[in-house]
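>>> build the 3D model from these lines:
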Amino acid sequence: MLRGRAMAGTGGRVATSESYTGHCSSTPGVSGRAEQTPRYTLGLLQTPHSSESAGAGCSGEGLAASRAAGTSAVKPVVSERGESYFGDKSSCVENANTLNLTSSSSMRGLNSTCVGKTPLSSGRSGCRSHTPLMGYSVTSSSAVSAHTVASVIVAVVEGRGLARGEVGMASIDLKNPEMILSQFADNTTYAKVITKLKILTPLEIIMSNTACDAGNTTKLFSLVTEHFKNVTFTTVQRKYFNETKGLEYIEQLCASEFSTIFMEVQSKYYCLAAAAALLKYVEFIQNAVYAPKSLKVRFQGSEKTAMIDSSSAQNLELVINNRDSRDGHTLLGVLNYTKTPGGSRRLRSNILEPLVDAETINTRLDCVQELLQDEELFFGLQAVISKFLDTEQLLSVLVQIPKQDTVKTAESKITNLIYLKHTLELVEPLKAALRSCNTQLLKAYYNSLEDTRFGIILEKITSVINDDTRYTKGCLSMRTQKCYAVKPNINEFLDIARRTYTEIVDDIAGMITQLAEKYNLPMKTSFSSARGFFIQMNADCSTLPNGQLPSEFTKITKIKNTYSFTSADLMKMNERCQESLREIYHMTYLIVCKLLNEIYEHIHCLYKLSDIVSMLDMLLSFAHACTLSDYVRPEFTDTLAIKQGWHPILEKIAMEKPVANNTYLTEGNNLVIITGPNMSGKSTYLKQIALCQIMAQIGSYVPAEYCSFRIAEQIFTRIGMDDDIETNASTFMKEMKEITYIIQNANDKSLIIIDELGRGTSAQEGIGICYAACEYLLNLKAFTLFATHFLELCHIDALYPNVENYHFEVQHVRSSAGNKEKIAYTYTLSKGYTEEKNYGLKAAEVSSLPSSITLDAKEITNHIAKQILSSTGRRALRR
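Here you go, the predicted model:
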């Protein structure tokens, strides 16, 4: 209903999101023209750009040619001291961010790229930076996949000398004006750093040039570059990692609502140093500065969330399917019914970093329970939330001040103001939907929405902007919304320019009508952001004179029976239309800038709104997932107990409920050994438990009849993945690295999943390694589930009372002829260890392996078994 009203207000106007080409520019070197006055921004030299260099800069061919010739299009950007900002002083930076800033493709959201070439001293041959410029691309409610495009830049710095292992990180999302600071102590594996970076999925990583000095590359740099081969790396001089400057920048840029961050980080020198380098670099590549008191800054400690290492996230298929990255058969795919990009981003982040505070989790669960019990609340909230745009990205654009005023920036500002109006008009409907809620969190959100600043901003906007100006889909409609956004009689020249624009559009429609009558063809007026106004016609070739269009039409394209074309007169009228639009945008921009300056002091309430919308969207998604399956609310105790739980991803794949099984672990029974034939369900069962644990700790209901969980501070998995393993040695070394990582990092609050450890070496050695690992984990008191084919391992329960044996049952079924026996898998877990023997051979029989080979294998196996039995008997007689 709200969406319907918004669309109805557009009338018969026409609009577009078409890009306009202004003057392109490039950054000259230090020896630039004498008449140009340099400008300094955060220590980076910025030089006004002349229109002469712009012409060459706009040429895609010229830029491509300079690259092909192996030369840089521009000289290095230098600091105020005359030194290159980048670590390697001899390197060149293709400052394409300035080239793209005013080009027609510069504001296509994250599809626009800034290319920076920074050869790393570690020997890499010059990596390209694909850092986007900050435009604004709207993502509709029904399509939230666009947010997955990488847009995070991270700065990482490590202490030196005795402080080595203390790591500071600062990250900022180009689509969200929020800087996240982290500082923690890591071990020599740098597992926390790698895990954190995997969660952030960075577009670009910034490190000190001293980390990759030739012949003295740090282990952290080597590991990060090894794990993130497709990510751009940029090195900057160590002096830019300055904690004093970092604190100064935060004091200048942090919004007053988040001023408590100063107390948290004032003694965390490494994250402050990372923040200094990050802010300087981001404002450089964005060609815009953040407005004072505009950023949300928060410190994210590692103790507030559970740690899931990147290998475990991959093994469990939390956000990416291992077979096809585009496949939605992941935990994220199971739970993602979000309507906004912000909600989807929050869900992804929570899955990779579950909560560890039971009170916070139960608060979320209370909300989900109320949403499930109150249909009016659920559908009311869902209807409003689905109308929100990407509030975080809108904020990011609003708080940035462009260094150049162009037609494109003018159009962008007008668009953003319309988006802001659209967003603020949804606050009252959102409050109305929350008015009858009962849970603590939802009430808190309702109270937050009563902030008077929302009304103040909207009132100021509606004093200048037409009431019927709305966000609409479609470039033509949106273009008219921007043209007629400002109320009449505010600027006389603007009113005249708009009348001129209307007359031109009417003339275009009239001309096309005349052409249709002249040639007796079914022509109609069409529009696209790329072509402007053009003519379309549905007709078969046989209906055309001589099977061709009249000669005055050009740029003819045909798709099936649809012709698209234009004419010389129409192209001239399009040019007049563009000129008129430029005048309108320029005058509207001046009015909009004045308006934004008036409302800027109140705009920080949008941070609160953004947080509320994304959280509500995620909670609604949890509730939606519950309605599609029989999920149950989890409890949190000292016990891991799941009654008839099943695998959530498998349920989505199979479109039916999988076989359910029980799970029970306590402090007095903290290790479960699971045996069973190949394909009996061991690996699926292990993954199921970890997935249920994660679902519980993010505040979601769980696929089970009943479940109780102990909060896991860390979740580890050791599951065989043969994607890139070529030899048994590499398999074994991979196993040893993974189990070593678990042993070094696990504690008594960990959940550990181990599947078939020791398979990469001989049976005797594998049993020994498994036995020793089990003993260590038993004493650690971690909850461990251990699947194995080594039946000898099952006897460990005779020595340790806190070990339980379980196995997956199978049934033996004879064929109708009675001469063959097959295994039927029940996928049911039972107490005790399996008594099945030679089940590998039985699995081989049902495969495509030739029967002659399987028969030989049986004979050889029986022969070896007799030899082992005979040698065992002789040793017993000697004793």
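>>> okay, CA-based contacts and neighbour counts for the rest of this
OK.
>>> residues in contact with E450?
E450 is in contact with K431, counting by C-alpha atoms under 8 Å, 6 or more residues apart in numbering.
>>> my guess is it is in a strand, correct?
No - membership of E450 in a strand is not supported by DSSP: H, G, I helix; E, B strand; the rest coil, which gives coil.
>>> phi and psi next, for it.
Comment: the main-chain dihedrals of E450 come out as phi -80, psi 0, following degrees, to the nearest 10.
>>> that one and H602: what is the separation?
Distance from E450 to H602, counting by C-alpha to C-alpha, to the nearest Å: 14 Å.
>>> so which residues of the stretch 551-700 of the chain form strands?
The residue ranges that make up the strands of the stretch 551-700 of the chain, judged by DSSP state E, counting those that start in this stretch, are 553-559, 562-567, 631-632, 635-636, 640-645, 661-665, 671-675.
>>> just checking, what packs against the first one?
Contacts defined by 3 or more C-alpha pairs under 8 Å, 6 or more residues apart in numbering; DSSP states H and E place strand 553-559 against strand 562-567.
>>> packing partners for the strand it packs on?
Counting by 3+ C-alpha pairs under 8 Å, 6+ apart, strand 562-567 packs on strand 532-538, strand 553-559.
>>> and it, which strands flank it?
Taking DSSP bridges as the criterion, strand 562-567 pairs within the sheet with strand 532-538 (antiparallel), strand 553-559 (antiparallel).
>>> with only the CA atoms kept, save the first one in CSV.
What that stands for is strand 532-538. What follows is the C-alpha trace of strand 532-538 in CSV, where atoms were taken according to Å, rounded to 0.1, in the frame of the first residue of the first chain:
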residue,chain,number,x,y,z
GLY,A,532,18.0,8.9,-24.2
PHE,A,533,14.7,9.1,-26.2
PHE,A,534,14.5,6.8,-29.1
ILE,A,535,11.9,5.1,-31.3
GLN,A,536,10.6,1.5,-30.9
MET,A,537,8.3,-0.5,-33.1
ASN,A,538,7.0,-4.0,-33.1
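>>> who's in contact with that strand?
With C-alpha under 8 Å, 6+ apart, strand 532-538 has contacts from 18, 508, 512, 521-527, 561-566, 570, 574.
>>> average pLDDT across that strand?
In this model, strand 532-538 carries a mean pLDDT of 90.
>>> the last one now?
Per-residue pLDDT values over strand 553-559 give a mean of 88.
>>> what of stretch 709-726?
Rounded mean pLDDT across stretch 709-726 is 76.
>>> and the contacts of strand 532-538, which of them are buried?
Buried residues within the contacts of strand 532-538, defined by neighbour count using 16 or more other C-alpha atoms under 10 Å: 18, 508, 512, 521, 523-524, 526-527, 563-566, 570, 574.
>>> as TSV, these with distance to A191 and pLDDT would be great.
TSV is the format used below for these (distance: C-alpha to C-alpha, whole Å; pLDDT from 0 to 100):
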residue	distance to A191	pLDDT
E18	46	35
I508	63	93
I512	65	92
L521	69	86
M523	64	89
K524	61	91
S526	56	91
F527	53	91
Y563	58	87
S564	57	91
F565	58	92
T566	60	92
L570	62	93
N574	58	92
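>>> now for those residues: which two are most distant?
In these, two members sit farther apart than any others by C-alpha to C-alpha. They are E18 and L521, at 28.5 Å.
>>> okay, now A444: neighbour count?
Counted with other C-alpha atoms under 10 Å, residues neighbouring A444 total 12.
>>> apologies, that question was intended for I205.
Burial of I205 is recorded as 22 neighbouring residues (other C-alpha under 10 Å).
>>> which stretches of this protein have low pLDDT?
Where the chain drops to pLDDT under 70, the residues are 1-149, 214-215, 302, 541-543, 720-730, 815-821, 836-848, 864-879.
>>> care to break it down by domain?
Domains of the chain are assigned by automatic domain parsing as 23-101+103-304, 492-599, 632-847.
>>> okay, the ones you listed in CSV with distance to I414 next?
Listed next are the domains of the chain as CSV, based on distance: least, C-alpha to C-alpha, whole Å:
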stretch, distance to I414
domain 23-101+103-304, 11
domain 492-599, 6
domain 632-847, 39
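>>> out of those, which is closest to Q369?
Nearest to Q369 among the domains of the chain is domain 632-847; the distance by C-alpha to C-alpha comes to 8.1 Å.
>>> check contacts around the spatially closest residue to M679 that is not a sequence neighbour.
The spatial neighbour of M679 that comes closest, neighbours along the chain excluded (C-alpha to C-alpha, 6 or more residues apart in numbering), is Y825 at 7.9 Å. Y825 makes contact with M679, S680, E809, V810, Q811, according to C-alpha under 8 Å, 6+ apart.
>>> surely Y825 is in a strand?
Yes - membership of Y825 in a strand is supported by three-state DSSP.
>>> give me the next element, helix or strand, following the strand or helix carrying I194.
Secondary structure assignment for I194, by DSSP states H and E: helix 191-200. Helices and strands here follow DSSP H and E; after helix 191-200, the next one along the chain is strand 204-208.
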